[in-house]
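A.B. asks: test case, fold it:
(one chain, ligands or ions: 2)
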Amino acid sequence: MGKNCLICGFPIEPFLDLGPMPKANAFLSEEEFAGEIFFDLKAAFCPSCKMVQLLDQPARESMFHDGYPFLSGSSSHMASHFQSLARDVLEHFIPDPTAFVVEIGTNDGTLLKHFSEAGIRHLGIEPSAGVARAAQEHGVQVHSGFFDEALALHIVRDSGPADVFLAANVMCHISYLHSALEGIRILLKTKGVAIFEDPYLCDMLRQTSYDQIYDEHAFVFSLTSLQNALQPHGLRVIDVNPQQTHGGSMRYTVAREGEHVPSKGVEKLFAAEKKSGVADFSTYEKFRIRCGKSKKDLVRLLTDLKQKRKRVLGYGAASKSTTVLNFCGIGREFVEAICDSTPAKQGKFSPGAHLPIVPSRAFRAPYPDFALLFAWNHAKEILEKEKEFTAQGGKWIAYVPEVKILG
Ligand code: DWN
Ligand code: SAH
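C.D. replies: Ligands and ions are numbered 1, 2, ... in the order given. You can find the predicted model right below:
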């Protein structure tokens, strides 16, 4: 039987089957291989509200828990990005020193610590207790839990309404989006604003970055689909700002309907999305074909390198790498290991493909011949850091927007 849209209830149309997939961040030990759990990773499009979504998502507690390994602060570029977002918010949306800021998906506090340091009353909401503790260590007030309507009621009761609601790379993780949006409606002051940043659908389509699709990403938003989701809650997008982060994101500023005048950029983006075909199923069919080609090209390149007895190491055990490795069927016969700076991933194996995760310091002479750049969204930062690899003749392999050897 077909499934219905998580946003509007209309029957959805599957367009991409990425096969049996483990949870993207379920890094595991050898003893855990036998009990590893897989689900079917499939993406679908809603012809009515245009939302791109997963057909199935594992239970939220099984993805976001005490051992959740991702740390926002693992990229210095992201840390600067969040510092400049905080500066913007402090300048434009904090009416007076008594203002209250709520952030969800606080993670290790990389964004919220700037509000804490500025002496602004704030609250972070973070279900993954391990990373929430890291935020507390940065002096950030955190409640460990999942943001939804019920939690919003508690926050208003205990702390009052919010001037600013921040959600970087988290709204797209929430399959119960209506509950979270209702929570925002409950929480915001009349003139308050919510700022979301999420991977942008048109960037994913343009770059064939199918690795944005994994268990945690219940949705890939466009302005069109997000506005359709906001509408029943009396909320609307009043501004949009494209971002280069995470391989192409959109910053949406959201407010109560009628309380702020939407910028011209909003109208422009609606028109651009219409033109680019976000509302047409054929766009997603073409995307599926490009994903198939990307897989074939990557496997062909790795097979060729293997035949030539070249050493290949992965760089950055990103969530996205779980999709690529499992969809393409890439195992240790092609890629020796993945270097990653995250302590909680090191010494474990990648989900499904079981590549060993080794610390970044393992990326040194004698270098491999090739490095497969899984964290392609941090290419600038990583290539700068690893100049020595390139200087002594090492080559980077990229697969977004297409499979190629860089340089
Ligand atoms: O949406 C999400 C985004 C915000 O973060 C979450 N669902 C999970 C996570 O996605 P991701 O794992 O794909 O994020 P990154 O930032 O692309 O992951 C990069 C990985 O590479 C991290 O494990 C850290 C590592 N890394 C490294 O080893 N050396 C990163 C950099 C910049 C480095 O220099
Ligand atoms: N905002 C950070 C972290 C993004 S990763 C950044 O941009 O780098 C997504 C984070 O959202 C995880 O830390 C996860 O535990 C958290 N999360 C998932 N569901 C949530 C919910 N319902 N409420 C609050 N946080 C949530």
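
A.B. asks: specify the beta-bridge partners of Cys339.
C.D. replies: Tyr315, Val358 (DSSP bridges).

A.B. asks: okay, now it: neighbour count?
C.D. replies: 26 (other Cβ atoms under 10 Å). All C-beta atoms are positioned from the backbone trio N, CA, C, and that covers glycine.

A.B. asks: then the one 4 residues further on?
C.D. replies: Residue neighbour count, defined by other Cβ under 10 Å, stands at 11 for Pro343.

A.B. asks: tell me the SS of it?
C.D. replies: Secondary structure for Pro343, judged by DSSP: H, G, I helix; E, B strand; the rest coil, is coil.

A.B. asks: tell me the pLDDT at it?
C.D. replies: pLDDT for Pro343: 96.

A.B. asks: ok, now which ones touch the nearest residue to Gly247 once chain neighbours are set aside?
C.D. replies: Using Cβ to Cβ, 6 or more residues apart in numbering and skipping the chain neighbours, the partner closest in space to Gly247 is Asn377 (3.9 Å). Applying Cβ atoms under 8 Å, 6 or more residues apart in numbering, we find Asn377 in contact with 245-247, 318, 320.

A.B. asks: can I get the residues you listed in CSV with neighbour count and secondary structure?
C.D. replies: Formatted as CSV, the contacts of Asn377 follow (neighbours: other Cβ atoms under 10 Å; DSSP: H, G, I helix; E, B strand; the rest coil):
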residue, neighbour count, secondary structure
Thr245, 20, helix
His246, 22, helix
Gly247, 21, helix
Ala318, 27, coil
Lys320, 25, helix
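
A.B. asks: got the domain ranges for this structure?
C.D. replies: Following automatic domain parsing, one gets these domains for the chain: 3-55, 72-258, 283-406.

A.B. asks: do the shortest one and ligand 2 meet?
C.D. replies: No. When contact is scored as Cβ under 6 Å from any ligand atom, no part of domain 3-55 falls within range of ligand 2; the minimum is 9.3 Å.

A.B. asks: what's the first-to-last distance across that domain?
C.D. replies: One end of domain 3-55 sits 7 Å from the other (Cα to Cα, to the nearest Å).

A.B. asks: residues from the chain in reach of ligand 2?
C.D. replies: 64, 68, 70, 72, 104-105, 107, 125-128, 131, 146-147, 168-170, 173-174.

A.B. asks: hmm, back to that, so which of the contacts of Asn377 is the closest to Ser263?
C.D. replies: Thr245 (20.3 Å; Cβ to Cβ).

A.B. asks: ok, now which ones touch that closest one?
C.D. replies: Here Thr245 is in contact with 77-78, 81, 197, 377 (criterion: Cβ under 8 Å, 6+ apart).

A.B. asks: out of these, list just those in helices.
C.D. replies: 77-78, 81 (DSSP state H).

A.B. asks: show me the contacts for His143.
C.D. replies: 123-126, 151, 155.

A.B. asks: cutoff 10 Å now
C.D. replies: 102, 104, 106, 123-127, 132, 151, 154-155, 158-159 (Cβ atoms under 10 Å, 6 or more residues apart in numbering).

A.B. asks: so which of the contacts of Thr245 is the most crowded?
C.D. replies: Asn377 (26 neighbours).

A.B. asks: any idea how far it lies from ligand 1?
C.D. replies: Separation of Asn377 from ligand 1 (Cβ to the nearest ligand atom, to the nearest Å): 5 Å.

A.B. asks: those helices in this structure, which residues are they?
C.D. replies: 60-63, 76-92, 113-117, 129-137, 149-159, 177-187, 201-207, 223-230, 264-276, 281-307, 319-328, 379-385, 387-391.

A.B. asks: what's the distance between Leu373 and Ile7?
C.D. replies: Taking Cβ to Cβ, to the nearest Å as the measure, Leu373 falls 34 Å from Ile7.

A.B. asks: kindly apply the preceding question to Phe281 instead.
C.D. replies: 17 Å.

A.B. asks: who's more crowded, these two?
C.D. replies: Ile7 (23 against 12).

A.B. asks: contact partners for the residue nearest to Gln83 when sequence neighbours are not counted?
C.D. replies: Spatial nearest neighbour of Gln83, excluding adjacent residues (Cβ to Cβ, 6+ apart): His114 at 6.0 Å. Counting by Cβ under 10 Å, 6+ apart, His114 touches 82-87, 89-90, 101, 120, 122, 138, 140.
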